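Student: here you go, sequence then predicted model.
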Number of protein chains: 2
Amino acid sequence: MAKNFATREENYSQWYNDIVKRADLAENSAVRGCMVIKPYGYAIWEKMHDALDAMFKETGHSNAYFPLFIPKSFFSKEASHVEGFAKECAVITHYRLKNDPDGQGVVVDPDAKLEEELIVRPTSETIIWNTYKNWIQSYRDLPILCNQWANVVRWEMRTRLFLRTAEFLWQEGHTAHATKEEAMEETERMLNVYATFAEKYMSIPVIKGFKSPNERFAGAIETLCIEALMQDGKALQAGTSHFLGQNFAKAFDVQFLNKENQLEYVWATSWGVSTRLIGALIMTHSDDNGLVLPPKLAPIQVVIIPIYKSEEQRQAIGEKVDILIKKLKAKNISVKYDDDDSKRSGWKFNEYEVKGVPVRVAIGPRDLENNQAEVARRDTLEKQTLSFDNLDVEIEKMLDDIQQNLFNKALKFREENTRKADTWEEFLDILDNQGGFVAAHWDGTPETEEKIKEAAKATIRCIPFNNPLEEGKCIFTGKPSKQRVLFARAY
Amino acid sequence: MAKNFATREENYSQWYNDIVKRADLAENSAVRGCMVIKPYGYAIWEKMHDALDAMFKETGHSNAYFPLFIPKSFFSKEASHVEGFAKECAVITHYRLKNDPDGQGVVVDPDAKLEEELIVRPTSETIIWNTYKNWIQSYRDLPILCNQWANVVRWEMRTRLFLRTAEFLWQEGHTAHATKEEAMEETERMLNVYATFAEKYMSIPVIKGFKSPNERFAGAIETLCIEALMQDGKALQAGTSHFLGQNFAKAFDVQFLNKENQLEYVWATSWGVSTRLIGALIMTHSDDNGLVLPPKLAPIQVVIIPIYKSEEQRQAIGEKVDILIKKLKAKNISVKYDDDDSKRSGWKFNEYEVKGVPVRVAIGPRDLENNQAEVARRDTLEKQTLSFDNLDVEIEKMLDDIQQNLFNKALKFREENTRKADTWEEFLDILDNQGGFVAAHWDGTPETEEKIKEAAKATIRCIPFNNPLEEGKCIFTGKPSKQRVLFARAY
């Protein structure tokens, strides 16, 4: 059936845009770089929110809410933070409009100029640490384990729906600790939460590791990340967890009395994932027929489509299906029965395929007679005829199987697309002709990293945890190296 | 016990601020007018969110997300909307900062001036109707039933935590319909959802009614509202639902082909409640001992405090309590066991009282011997000794009883504080000396309404649904009137 959109082979980038559009996930808005997240796309974000939020709470975190605006001067307080963040951002200079004295409409009221400009938060370390200052006096006030679900704005020039937008939704955890060890543990704990979420809910295998200094968050001592591989062979950073040391505590003078009654600066972490994950989800699993969703994040897990000619048939099918729906709901499986009379069943088959609904059940008069239904799974596009008895149990198993199959497929893809390169030529050849992760030696200097980035358009995605040590030579400078690191071209 | 804060009698306004502070709900931030919602306050908002969100979904709505920014020109498109909204707002004029060439820190980059200024949304009708234009072609695309959970900004000069802040959190529903009748039905449906939420979850009795023209939302044909009465006799608008007619469809040229294949403008509604509800919650139920929360919105419904001297006693109590906790959790009752050794039990009693935890269970060595516990309820401050057997069932009943009792108490208060006034003197006397709602005749003109507002600082809160018709004379002008309307001084 004509899907009316590009295949991955033809034009990967167009294919991505087509999926976002055809599956009704999001669209560009009238405001440059800001997206509208449509109901179906937002429902996926809600599923992600709920799963992550529960994991944050299980690990002792509470949600809170901090201001959207940050005084301009706050950004200058942490030296490296300002370099990384305060440049491309939305700046509020006035707080009032007035009727245009020379015509219609409204103009900015020049009398309502702010003394100090406000920045729409690109991230909230500064305003939060300015707040924590008042919350922390003694070690008894620690740890503080807060998370915030919020919108943030970074003035991106080249935007792509979900992957890079001026405004996006995210969560940002900000924790305060009495010791360095505790803060490092927290940084790792939250990276593990992200990795578990990516693998168990999104069915996306991820590599956990350290960012190289050039790729660290502005203001972090250490940035941990999870990296995923997309079907076009480009990497995507799916989540980061930062050990901020005492940088923000020093910038905002946040000290506490420790158990020995001595003043000490507080240790910090921050960690976040964003609506970008929806982009990762699309690019990991979807195919030329449309979106493919892992069941745990699918707004509709099962769609049931009746096939009938007469109203009598429709009713008979409806009655049969009612029982199935009740059983599925009792298993917490979300199900949609689409008996909309104004659409043909062929149109519906196509529509739910494009929208990535994991399981489709079709039932016609003959199925009714034979007490069976046709069940199709979105991941493999396989169809089978199953007995109506026990169908809820079969569907439940199938959903679990799809969840696991998507992960396995993505893992196999990543394994097949992780290669070693020992020379510069080999390195470029892999990047240009095969893509994927390239494990290569690097001399460990930021200068070389920068030069490689310029020459090959590839960055160090991470230095994996438990990376095996191995003597070698930097692919770019030939200088000695103790370990391979993972390079890739990336989103 | 010294609570360290004002009583309602002494200084109602200070009492409110003290509760917000001492119960750890929120605080002012470094950004004028913007608040920090602290974890305990945010947990109440999460409870509100979850309950409302489920009700929105049950009534067929989906969540979506629209841009934070709105092009300035959008506000001018709906004439009355611009008058009501576009004036006091945060205006973005630039999109970049740069290092200060003359010194330290950062300055606004004059080269990064926006061609058209962007406004931080004070409400989203304009950007949403500009979006709906692309979603709607035919009657088959209708209705659209979207809701958005978001932050909005209105540049308020005099702010109070939760009640009036520059930035606040809210939900805004925006629906599009093919007929006027359907839109009116939706407007009423959502007002009823709000009323049910207020009464069943917040235990706040509300009066449902129509706003007078002066008090309508900017751009609405009809504004429905729920009005609540606070303990100081001032009214508080707790939620509004607007019938917008075709105003926004006309402003943004949103037409659809109806079943007769004729182009028609789309009918609209919008409706919202905000973090202001937390202010209403505080002011309706709390007392001079601190916050009082209805169980359905309490982040912690039951706190259990062990009273012990030896570690052995503590362990024995802990074991006994474990069983109770399991039983309570099985009933979906949130429970906290506070055996923090660094705090005295007296301190804990006070702390949870200030924080409004509905039920407190205390258990000491003698209780253990007698298989009993001391159970205190926050609403009446009554204590009783109850057997440990069946304690979970007793607590569950008690929570239901507290929920209902708070509602009954608030309803009684409102009934006692709703009075009729037939003369201007009587009207002023009630407002000045008793407060509450005043049912009085009004000649129905906006001019008189405005004059009454100036002279008495009271506004028409609403014209109640099913208001009895009654011949009378306007308390201000003496002109004939067909019905009494509800006046009050208000937040």
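Tutor: Done, it's in. Residues are numbered from 1 along each chain as shown, chains lettered A, B, ... in the order given.

Student: run me through the strand neighbours of whichever strand or helix holds A:Leu114, direction for each.
Tutor: Using DSSP states H and E, A:Leu114 maps to strand A:113-120. Using DSSP bridges, strand A:113-120 pairs in its sheet with strand A:69-71 (antiparallel), strand A:88-99 (antiparallel).

Student: who's in contact with A:Pro67?
Tutor: Residues in contact with A:Pro67 (CB atoms under 8 Å, 6 or more residues apart in numbering or on different chains) are A:121, A:127, B:29-31, B:34-36, B:167. C-betas here are computed from N, CA, C, even on glycine.

Student: ok so, going back, so for the strand holding A:Leu114, mean pLDDT?
Tutor: In this model, strand A:113-120 has a mean pLDDT of 96.

Student: in chain A, which residue sits furthest out from the middle?
Tutor: Distance from the C-alpha centroid of chain A peaks at A:Asp102, with 47.5 Å (CA atoms, centre = their mean).

Student: neighbours of the residue in the stretch 101-250 of chain A positioned nearest to chain B, how many?
Tutor: Residue of the stretch 101-250 of chain A nearest chain B, by CB to the nearest CB: A:Gly105 (4.0 Å). A:Gly105 has 15 neighbours, counted by other CB atoms under 10 Å in any protein chain shown.

Student: so whatever residue of the stretch 301-450 of chain A ends up closest to chain B is in which element?
Tutor: Relative to chain B, the nearest point of the stretch 301-450 of chain A is A:Ser342 (7.0 Å; CB to the nearest CB). Assigned by DSSP H and E, A:Ser342 belongs to neither a helix nor a strand.

Student: hang on, the earlier thing: okay if I get the contacts of A:Pro67 as JSON lines plus neighbour count, secondary structure and distance to B:Lys211?
Tutor: Shown next, in JSON lines, are the contacts of A:Pro67 (neighbours: other CB atoms under 10 Å in any protein chain shown; DSSP: H, G, I helix; E, B strand; the rest coil; distance: CB to CB, whole Å):
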{"residue": "A:Arg121", "neighbour count": "25", "secondary structure": "coil", "distance to B:Lys211": "35"}
{"residue": "A:Ile127", "neighbour count": "25", "secondary structure": "helix", "distance to B:Lys211": "36"}
{"residue": "B:Ser29", "neighbour count": "23", "secondary structure": "coil", "distance to B:Lys211": "32"}
{"residue": "B:Ala30", "neighbour count": "18", "secondary structure": "coil", "distance to B:Lys211": "36"}
{"residue": "B:Val31", "neighbour count": "21", "secondary structure": "coil", "distance to B:Lys211": "31"}
{"residue": "B:Cys34", "neighbour count": "23", "secondary structure": "coil", "distance to B:Lys211": "28"}
{"residue": "B:Met35", "neighbour count": "26", "secondary structure": "strand", "distance to B:Lys211": "27"}
{"residue": "B:Val36", "neighbour count": "23", "secondary structure": "strand", "distance to B:Lys211": "32"}
{"residue": "B:Glu167", "neighbour count": "24", "secondary structure": "strand", "distance to B:Lys211": "25"}
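
Student: please enumerate the helices of chain A.
Tutor: Assigned by DSSP state H, the helices in chain A fall at A:12-22, A:39-58, A:72-75, A:79-85, A:125-135, A:180-196, A:247-251, A:276-285, A:311-330, A:345-354, A:365-369, A:391-416, A:424-433, A:446-456.

Student: now the weakest link among these, please, by mean pLDDT.
Tutor: The bottom spot among those, by mean pLDDT, belongs to helix A:79-85, with a mean of 73.

Student: ok, the residue nearest the centre of chain A - contacts?
Tutor: Central residue of chain A (CA atoms, centre = their mean): A:Leu277, 1.7 Å from the mean position. Contacts of A:Leu277 were listed using CB under 8 Å, 6+ apart, and they are A:48, A:198, A:202, A:238-239.

Student: of those residues, closest to B:Asn467?
Tutor: A:Met48 (46.9 Å; CB to CB).

Student: go ahead and confirm the closest one touches A:Tyr201.
Tutor: Yes: the pair A:Met48 and A:Tyr201 passes the contact test of CB atoms under 8 Å, sitting 7.2 Å apart.

Student: what touches both of these two?
Tutor: The contact sets of A:Met48 and A:Tyr201 overlap at A:Leu297 (CB under 8 Å, 6+ apart).

Student: would you put the C-alpha positions of the strand holding A:Leu114 in CSV?
Tutor: The C-alpha coordinates for strand A:113-120 follow below in CSV (Å, rounded to 0.1, in the frame of the first residue of the first chain):
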residue,chain,number,x,y,z
LYS,A,113,12.1,48.1,30.5
LEU,A,114,13.4,45.7,33.1
GLU,A,115,16.4,46.9,35.1
GLU,A,116,18.0,43.5,34.7
GLU,A,117,17.1,41.3,31.7
LEU,A,118,15.6,37.9,32.4
ILE,A,119,16.6,34.8,30.5
VAL,A,120,14.2,32.0,29.7
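
Student: what's the angle from it to helix A:125-135?
Tutor: Calculated by axes from the mean of the first three to the mean of the last three CA atoms, to 10 degrees, strand A:113-120 forms an angle of 100 degrees with helix A:125-135.

Student: against chain B, how distant is the residue nearest to the centre of chain A?
Tutor: 15 Å (CB to the nearest CB, to the nearest Å).

Student: got it, and A:Asn289?
Tutor: 24 Å.

Student: domains in chain A, as residue ranges please.
Tutor: For chain A, automatic domain parsing gives the domain ranges A:12-91+A:119-285, A:302-398, A:418-488.

Student: now do the last one: distance to the chain's middle.
Tutor: In other words, domain A:418-488. Centroid separation for domain A:418-488 versus its chain: 25 Å, with CA atoms, centre = their mean, to the nearest Å.

Student: in stretch A:10-23, which residues are buried?
Tutor: By 16 or more other CB atoms under 10 Å in any protein chain shown, the buried positions in stretch A:10-23 come out as A:12, A:15-20, A:22-23.

Student: tell me the one of the contacts of A:Leu277 nearest B:Gln171?
Tutor: Nearest member of the contacts of A:Leu277 to B:Gln171, counting by CB to CB, is A:Met48, at 19.2 Å.
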